[in-house]
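> What would the 3D arrangement of this be:
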Amino acid sequence: ISAQAARNPAQVAVTFHSRTLSYQALEQQSNAWAVQLQQRGVQPGDVVGLCLERSPELIVGLLAIWKVGAAYLPLDPAYPVHRLSFMVDDSATRLVLTTAPLAKMLALPPHKTMLLDTLMPAEPETMKPNGAAAADRSTRAAYVIYTSGSTGKPKGVVVTHRNVMNFFAGMSQRVPHEAGARWLAVTSLSFDISVLELCWTLSRGLTVVLHSSKPPVASNGPEFSLFYFGNDNPKDAHQSYELLFEGARFADREGFSAVWTPERHFHAFGGMYPNPAMTSAALAAITTRVQIRAGSCVLPLHHPIRAAEDWAVVDNI
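Numbers count the residues shown, from 1 in each chain. Got it, this is the predicted structure:
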């Protein structure tokens, strides 16, 4: 990525709403933050948490952590606080790169945070990391990512720079990547595919268009939804969808947020839920306000254009 900045410093590296960062600006800002991480005692091989909203600063922070030879730990602010706290403790994170409001949410002590909204301005063009991480880092950790924890406590997985570079090499053989092309990045940093969207793209000289949805509307409490799994096998075929329909009417009447419909994955042919768009259309017709969502929509089972058309009908209903 630094090599791309040296070759094409004026090219746009990241866009986010009305903001843009050139490759030169990305390099300079990440250098400046890397120096400040070193001043806070971060050493090669450390784990540094990255808890930021989606923004160009998220990418700057990631690169700064790499520049000092540390591994980043993605901490998505949308995740439950207890899970984020568990990951910070379990990974022996040395420091968390974040903002004051998020640090307060995480209840982190001051010595364990570097707050970006309180950093003193720096002269990025004159600041570079001191080279402590210049040695071969192919076997050093690039990031630590945690599993969902759906079958127990989340488990941390260490991904090395060699793993990342091997992934990049494979993607470069398969994915078209003309210089100056634009790539939409939509995935949370807590998922591996974000490395493709944010880092492979920049290493190939592309422009990353960082997507972020609008902030959620504040509510007075938690919202509830109904989520159905597609393993129902009722004895009475005439009552196959009674629970689904009555549940949707109840959710609609009682102020629930959404109803999630299932889809067949590896079930026998002819099951109750071959296509979530069909059951969702039926639910849309008998409800007035509750949102209709798919627990999943597996495109190998349906053509993408057909899926888009089907769900447009659900929206219209």
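
> what are the ranges of the strands in the stretch 101-250 of the chain?
113-115, 141-146, 156-160, 182-185, 207-210, 225-227 (DSSP state E, counting those that start in this stretch).

> The last one: which residues count as buried?
Right, strand 225-227. Across strand 225-227, burial judged by 16 or more other Cβ atoms under 10 Å covers Leu226. Any C-beta I mention is one placed from the backbone N, CA and C, and that applies to glycine too.

> returning to that earlier point: tell me which of the strands of the stretch 101-250 of the chain sits most buried.
Most buried of the strands of the stretch 101-250 of the chain, by mean neighbour count (mean count of other Cβ atoms under 10 Å): strand 141-146, with a mean of 22.

> Which strands and helices lie in contact with that one?
strand 71-74, strand 156-160, helix 161-174 (3 or more Cβ pairs under 8 Å, 6 or more residues apart in numbering; DSSP states H and E).

> mind running it again at 6 Å?
For strand 141-146, the elements it packs on are strand 71-74, strand 156-160, judged by 3 or more Cβ pairs under 6 Å, 6 or more residues apart in numbering; DSSP states H and E.

> circling back: mind checking the strands of the stretch 101-250 of the chain for the one nearest to Pro274?
strand 225-227 (18.4 Å; Cβ to Cβ).

> Identify each buried residue in the longest helix belonging to the chain, please.
Criterion DSSP state H: the longest helix present in the chain is helix 23-39. Within helix 23-39, the residues scored as buried using 16+ other Cβ under 10 Å are 23-38.

> just checking, Leu75 touches Leu52?
No: judged on Cβ atoms under 6 Å, Leu75 makes no contact with Leu52 at a distance of 8.5 Å.

> And the helices in the stretch 151-300 of the chain?
161-174, 193-195, 201-203, 242-253, 276-286 (DSSP state H, counting those that start in this stretch).

> and Ala103, which of those is closest to it?
helix 193-195 (22.3 Å).
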